[in-house]
Every structure is written in structure tokens, then in C-alpha cells.
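J.: Let's see this in three dimensions:
(chains A and B)
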Amino acid sequence: MALPQIKQDATEARIAALDLPVGGWSDAARQSALGRLREMGLPGRRDEYWKFTRPDTLTQPEAPRAALFDPKEAPVFDEVERLNLVFVDGVFDAEASDDLALEGVTIERLAETRSDLHWAKGLYGTLEANGQVPVQRPLAALNTAFATDGLLIHVTGTPSKPISICYEHKSETSDAMLHHVVKVDAGAEVTILENGPAAARFNKVMEIDVADGARLHHIRTQGRDHERQAVTHVFARLGAESVFKSFTLTANGVLTRNECVIELTGDDAVAHVAGACVGDGDFHHDDTVFVTHDAVNCESRQVFKKVLRNGATGVFQGKILVKAGAQKTDGYQISQSLLLDEDSQFLAKPELEIYADDVACSHGSTSGAIDEEALFYLRSRGVPEPQAVNLLTLAFLAEAVQEIENEALAEEITARIEGWLIRHRD
Amino acid sequence: MLEIKNLHVKLEEEDKQILKGVDLTVEAGKVHAIMGPNGSGKSTLSYVLSGRDGYEVTDGEATLEGNDLLDMEPEERAAAGLFLAFQYPVEIPGVGNMTFLRTALNAQRKARGEEELNATEFLKLIRAKAKDLKIDAEMLKRPVNVGFSGGEKKRNEILQMAMLAPKMCILDETDSGLDVDAMKLVADGVNALRDEGRGFLVITHYQRLLDHIKPDVVHIMSNGRIIKTGGPDLALEVEERGYAHLVEEVA
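T.: Have a look, this model is predicted:
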């Protein structure tokens, strides 16, 4: 079916504003992604999975200006022993970064690998392309075609410290597009941290291949700068007995769309995706998650919690798809919002689609206010009201934060949320 | 310690008068008990004193050591030394019992201009108090009251009371849902806190709690008023003959 003219025009206008990087192993993948993008067209308001989130500012040729913001606290993970890699407005900052050397892993930059052969060739754009069915994700195809840089991370062992990617935002008009590929070999284990507002507008894709028995922990904080916009995609493919755990904290940011597409392709694999977000005022946060069970005895959990106030909006679109033959699937999905006033809203579209007959899948979605009984109980013990509200808010988010296995990192995230809550008290 | 004069209270949402002129004075060092049939206003009295929403004071006053309680927020009343042991302690998923208690204790100390306890000092204190009430480390780590049995919840209330060391303790039907052993444990906890400087108001349906927590004064409440005041014998009289004859006597 031909695209509507208006969509076609919008897509071409966006493409015209970008340069297609050429030279090297990724050329074919980029060309093929460009073809996919032209076929799909950039998302519009009438597309099924864009009903709750306006894509305009993500798709228009120029990035909307985003003021810089000083949060008056040290960046998260600063105290963590890590290999730190820094991008400023989407441009790699070698000065600020550690050497790309760590035992058990090789790290290269997408922009610097120009030979015809590379291990990432079979993955770059491949998981993204697979993830376009049954739901189209044109902004990810746009990214595959035009990403200017990114990290190619090949984990062969168990690195002694996390790999941390820090995205700094220093230009009010920056429009950054990064594409990372992560390959975790059989039995290997790695933790990847991401943080920072990245750019005025940020489009990021991370393709992750977790081989049999491998483990990947992904912990990210995003947002911070109020006016910045971001669309991110994680495409993960999981082998047998592998573990993939991803947690995201979003605070501030006028628009964030996080898509996570997971395919459990080997038996006994485990995938947990969790998100906690706190939004105040002009804040729109969208989690769109798609988990496909295509193997026996796999476990998946989606835990998404949003705290919204002063007219903030939260969106959750989550699906568990259990293919025929994916018996003994254990699927869980919960999306909840805590609405701190009547102006804020939460829009949820939880879905289950099951073609196997021996599975246990549950999902739930709720919206509610602070529990008055609990609030009174805390106050009657001497806890002042604002502090009591914060305690209950942290408690509400706890189920998501608990998905972080590393206790020190979980505590760091909790401290960040607490700091945000204290700064945003009335 | 606690002085209540001519207290009139109605429900905020509907035109229903619950307390119709309560007069009561609890002296420091004394244990007063309030007994009365269902619906007499006993629990309402405890809620109004602790500052729960949903009630409107239409007349009268309540003071703690001369300070107007009714003018304070619930947390201010707590910092001033008032403590209510809830009839139905609230479950708070996601908030650890320890975190809760430390936050509460330090918030009160801060409000009173006292130094906050650090983690070590707090731990030392809570371990000692918990041991007396047979509350183990596991219970302290769990979220507040979540998955606790009825007895555990009430013991947890008494633990909070012991930690916060209030001046005036109100126990709202602390015996409800307790078996004999649990009741004895709770009563021992309360008795350990009896002190010259501390007042108690024990609200109960039944005399049996008063076998363990011996009151100095017993009040009978009915239809929003205190209709009779006497010594411990009054509780025994209720136990033997019920409330009906007392209500009639007054009417």
C-alpha cells in the first residue's frame, strides 16, 4: 500500500535534512534501513501505537530547541567504579572518556570501523529489522540508516566493572543519533550503565544479542533536562538460559518514548524490563514494550511505575506475545501510576496474545492517588506530610527499582529519586 | 497531661454528631480506661485526638500539657508527645519497618529541636526494644505491617510506642484480635512503659485487657458522653452485668 502523500513528504523532508554515513561494513544495513523507512514512513498521530504520544517533534527535520539545565547534583554513577565513555551532544569525547580497554570485552566506535568485515555486521540493523514486525518502529529504522556513531561492544568474558555510557547535553539545538550494538558471548556477563540528557533531541538504538547462558544487566537514567526530547529503542535477542535485565529511571524531559523489543529465542531464558519515572508539569513519558516468547520455559517480567503531578502524562503500551510452542511461559506485566493530582493522566494499553496452551501470564494496570490511610498512619507517628508523601512515593516505585540486582546501584537510584522528590516538593 | 473539655464532634461528610460533650482528664502517671458499647464514640475520640481527617469539632477543647491539640497537624501532635496505638494498624507495602521507625523518630526529635539518632544509635535502641516484645530482625526488615499476623501488628504498635517514648499513649482496642498469650505480651510491653511522667488512655470493649493493664480510673462511654467514672471495680461490674444497666441508670 502506498504511503499517504503527507507521510511521504514528512519522511522525505526528514531524510533530506540528514547525511547518510558511507564507507564500510554498515553500508548495506544502512541502505536497507533507509528502504524500510521509506516503506513505513515516519510515525503519525493516527498510527496505532502513536495514539497516546505525539510524534511530531521527534519526526520534524529540525530538533526543537532545549534549554540546558543544572540539576545541582553530581551525575549519577559518578561514584561507581566503571569504564566511562562520554558522548557530548552525540559526539564521542575521547578526552573525557576512559580508554576503550577492559579485560573480557572489546569496545569500538561505529564511526571508526570502516573495514568491510566486522562482527557487528550480522547484528547491526538486523535485530531492528526483526523488531519491525508486527509493530512498525520507523524511528529505529531512521536511526539504523543515519546514526553518526555508537559503540560496538563485544563481551567475551566477565569484565571487572560496568561499562558506562554518559550522554552530555551542551548545545541547545543538538540533534543526536547513536546506535550501539552489544554482543554477549555464551556464558559471559556484563553490566551496562547509561545516563544523561544526551542532546536537545536524541534518537538512540541499542541492539543486544545475549547468547546462551550469558547475562546482561542494563541500568539507565535519562531525562534530567526539562526540554529535551528522546526516542530510544532496545532490541534484545535472548539465547537459552540467558538473562537480560533492564531498568530505566526517567526524571524530567518534555518527551520520552522508550521502546523495548525483546525476543526470547532459547529455552529457559529470563527477561526483566522495568521502569520508574517521575514527572512534574510539562512531562510526557511513554514506555512501549513488546516481549515475544518463542521458546519453552522462559520467564518475562515488565514492571513499570510512574509518578505524575502537575499535569504530567504517562503512557504504557505493553505486550506479551506467546508463540505456539512456547509452553511453560511465565509472563508478568504490571503498569501502575501514582497520580499526585487530578491534572495528571496515565494512559495504558496492556496486551496479551497467547498461542500456547500451557502458560501462566498475568497483567495488571492501575492508577491511583496516595493512600490516605497510610499517609495518616505515617503522620500520626510524627512524619511530616511532605516527607510521608515521599516515603509512600518511593514505596510505590520500589517494585520497579527492586529489579536492579546490584544493591549499591539500586540504592543510588533510590537516592536519585529521593533527591528529585525533595527538589519537587511544593 | 491530657485535658478534654466539653468536646463535641460530628462527621465532616454527614450531619451526624458522634461526641456530645466529653470531659476527661488524664493525669501524668495514671492509666485511664474507657469502656463502652459499640458505637459509643470511643474510637472517634481517639481519632479526633490524633488528628485524623473526616471529623469536625463543633465545640469544646483538648489540650496536651496545656497545648491546644486540635490546632495541630497529626505530626505536630506526635512530636508534642501524643501516640495512638491503632485498632487496625495500616499495612504500607514498600516501606521497611526500620526505615519507617527511624524516619518517624528522627522527625519527632528534629521537631523538638533534639539531635537526630545516627544509624548505629538507632539500631542499638531498636534491637533492645524489639527483643522485649519478641520481635525478630526479620519482622523489622519487612515492610510496615505487611503480612503480619494480628498479634504481630499489635506488638509492632507497642514497639513504635516504646521507640517514640510519648508522654500520652492512647490504645484503641489493642486487645482486639489477640489471643491470650499475645495479649499478655502486649500488656507487658505497655506496663514496661508505665511511668510517672506518662499518661495512658486505654480504650477497650472488654475487661480482660484490664486484668493485665491495671487501670487507675475507669470511664464508661455511651452515646457520645462519659456516663460514669469509677475505680477498677467499675470494669468488673461491666464484665458481670454488661453495659445496659449502666446506660439505663443514667437515662
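
J.: Point me to the residue of chain B nearest chain A.
T.: Chain A sits closest to B:Gly94 of chain B, with a gap of 2.8 Å, by Cβ to the nearest Cβ. Where C-beta positions appear, they are placed from N, C-alpha and C, glycine not excepted.

J.: Now do the SS call for that residue.
T.: Secondary structure for B:Gly94, judged by DSSP: H, G, I helix; E, B strand; the rest coil, is strand.

J.: That one: neighbour count?
T.: Look at B:Gly94: counted by other Cβ atoms under 10 Å in any protein chain shown, it has 20 neighbours.

J.: Which pLDDT value does the model give it?
T.: We have a pLDDT of 89 for B:Gly94.

J.: Low-confidence bits of the chain, can you list those?
T.: Because you didn't say which chain, this covers chain A. Within chain A, the ranges that satisfy pLDDT under 70 run A:1, A:426.

J.: that's the other chain; I wanted chain B
T.: Those would be B:249-251, if you go by pLDDT under 70 across chain B.

J.: can you list the residues of the stretch 251-400 of chain A near chain B?
T.: By Cβ under 8 Å from any Cβ of the partner chain, the residues of the stretch 251-400 of chain A that approach chain B are A:371-374, A:376-385, A:387-388, A:391-392, A:394-399.

J.: repeat that with 10 Å
T.: Counting by Cβ under 10 Å from any Cβ of the partner chain, the stretch 251-400 of chain A comes close to chain B at A:371-385, A:387-388, A:390-399.

J.: in the stretch 51-200 of chain A, what residue is nearest chain B?
T.: Chain B sits closest to A:Glu79 of the stretch 51-200 of chain A, with a gap of 19.0 Å, by Cβ to the nearest Cβ.

J.: Next one: that residue from A:Leu249, what distance?
T.: Applying Cβ to Cβ, to the nearest Å, the value for A:Glu79 to A:Leu249 is 16 Å.

J.: who's more crowded, these two?
T.: Using other Cβ under 10 Å as the criterion, A:Glu79 and A:Leu249 rank with A:Leu249 on top: 26 against 10.

J.: Test my guess that the more buried one contacts A:Thr256.
T.: No: using Cβ atoms under 10 Å, A:Leu249 is not in contact with A:Thr256, being 11.2 Å away.

J.: so what's in contact with the two at the same time?
T.: Counting by Cβ atoms under 10 Å, 6 or more residues apart in numbering or on different chains, the contacts common to A:Leu249 and A:Thr256 are A:Gln222, A:Gly223, A:Cys277.

J.: just checking, which of these belong to strands?
T.: A:Gln222, A:Gly223, A:Cys277 (DSSP state E).

J.: Neighbour-wise, which one of the residues you listed leads?
T.: Counting neighbours by other Cβ under 10 Å, A:Cys277 comes out on top of those with 29 neighbours.

J.: List the residues that contact that one.
T.: With Cβ under 10 Å, 6+ apart, A:Cys277 has these contacts: A:222-223, A:248-253, A:256, A:258, A:283, A:285-287, A:304-308, A:312, A:314, A:337, A:397, A:400, A:417.

J.: Helices - which of these land there?
T.: A:Leu397, A:Ala400, A:Ile417 (DSSP state H).

J.: If you rank the residues you listed by neighbours, which is first?
T.: Within the ones in helices among the contacts of A:Cys277, most neighbours by other Cβ under 10 Å means A:Leu397, with 26 neighbours.

J.: how many neighbours does the nearest residue to it once chain neighbours are set aside have?
T.: In space, and not counting its chain neighbours, A:Leu397 is closest to A:Ala276: 4.5 Å by Cβ to Cβ, 6 or more residues apart in numbering or on different chains. When neighbours are defined as other Cβ under 10 Å, A:Ala276 has 28 of them.

J.: same question, A:Val359
T.: Applying other Cβ under 10 Å, we find 18 residues neighbouring A:Val359.

J.: now swap in A:Glu95 and tell me
T.: 7.

J.: Could you double-check that it sits in contact with A:Leu85?
T.: No: the pair A:Glu95 / A:Leu85 is not scored as a contact, 11.7 Å apart, by Cβ under 10 Å.

J.: Please state the backbone phi and psi of the residue of the stretch 51-200 of chain A closest to chain B?
T.: Per-residue torsions, A:Glu79: phi -90, psi -10 (degrees, to the nearest 10).

J.: same check, this time on A:Tyr49
T.: The phi/psi pair for A:Tyr49 (degrees, to the nearest 10) is phi -90, psi 10.

J.: what's near enough to touch it?
T.: By Cβ under 10 Å, 6+ apart, A:Tyr49 lies in contact with A:43, A:55, A:135-137, A:257, A:259, A:286, A:288, A:290, A:315, A:317, A:319, A:349.

J.: what does the stretch 151-251 of chain B put close to chain A?
T.: By Cβ under 10 Å from any Cβ, the residues of the stretch 151-251 of chain B that approach chain A are B:Gln160, B:Met161, B:Met163, B:Leu164, B:Pro166.

J.: quick one: which of these has the most company?
T.: Busiest of these [other Cβ under 10 Å] is B:Pro166, holding 27 neighbours.

J.: May I have the secondary structure class of the residue nearest to that residue when sequence neighbours are not counted?
T.: Leaving out its chain neighbours, the residue that sits closest to B:Pro166 by Cβ to Cβ, 6+ apart is B:Phe83, at 3.6 Å. Classification of B:Phe83 by three-state DSSP places it in strand.

J.: pretty sure B:Phe83 contacts B:Ala165?
T.: Yes: using Cβ under 10 Å, B:Phe83 is in contact with B:Ala165, at 8.8 Å.

J.: related to what we said a few turns ago, any idea which helix or strand carries the closest residue to the residue of chain B closest to chain A other than its chain neighbours?
T.: In this structure, B:Gly94 finds its nearest non-sequential neighbour in A:Ala395, 2.8 Å apart by Cβ to Cβ, 6+ apart. Following DSSP states H and E, one finds A:Ala395 within helix A:385-401.

J.: Kindly report the same for A:Arg379.
T.: Here A:Arg379 is assigned to helix A:372-380, by DSSP H and E.

J.: could you say what helices and strands that helix packs with?
T.: Under the contact definition 3 or more Cβ pairs under 10 Å, 6 or more residues apart in numbering or on different chains; DSSP states H and E, helix A:372-380 sits against helix A:385-401, helix B:42-50, helix B:74-80, strand B:82-85, strand B:92-96, helix B:97-111, strand B:143-144.

J.: So for B:Glu152, which of the ones you listed sits nearest?
T.: B:Glu152 lies closest, by Cβ to Cβ, to one member of the helices and strands packed on helix A:372-380: helix B:97-111, at 10.5 Å.

J.: picking that back up, which member of the ones in helices among the contacts of A:Cys277 is positioned nearest B:Phe200?
T.: The closest of the ones in helices among the contacts of A:Cys277 to B:Phe200 turns out to be A:Leu397 (Cβ to Cβ; 38.8 Å).

J.: any idea which of the helices and strands packed on helix A:372-380 is most buried?
T.: The highest average neighbour count among the helices and strands packed on helix A:372-380, using mean count of other Cβ atoms under 10 Å in any protein chain shown, belongs to strand B:82-85 at a mean of 26.

J.: Counting by contacts, list what it packs against.
T.: Counting contacts by 3+ Cβ pairs under 10 Å, 6+ apart, strand B:82-85 is packed against helix A:372-380, helix B:42-50, helix B:74-80, helix B:150-164, strand B:168-172, helix B:180-193, strand B:199-204.

J.: Right, and chain B sits closest to which residue of chain A?
T.: For chain A, Cβ to the nearest Cβ, closest residue to chain B: A:Ala395, 2.8 Å.

J.: Am I right that that residue is in contact with A:Glu418?
T.: No: judged on Cβ under 10 Å, A:Ala395 makes no contact with A:Glu418 at a distance of 11.7 Å.

J.: A:Leu20 should be in a strand, yeah?
T.: No: if the criterion is three-state DSSP, then A:Leu20 is coil and not within a strand.

J.: check contacts around it.
T.: Applying Cβ under 10 Å, 6+ apart to A:Leu20 gives the contacts A:Asp27, A:Arg30, A:Gln31, A:Ala33, A:Leu34, A:Ala145, A:Phe146.
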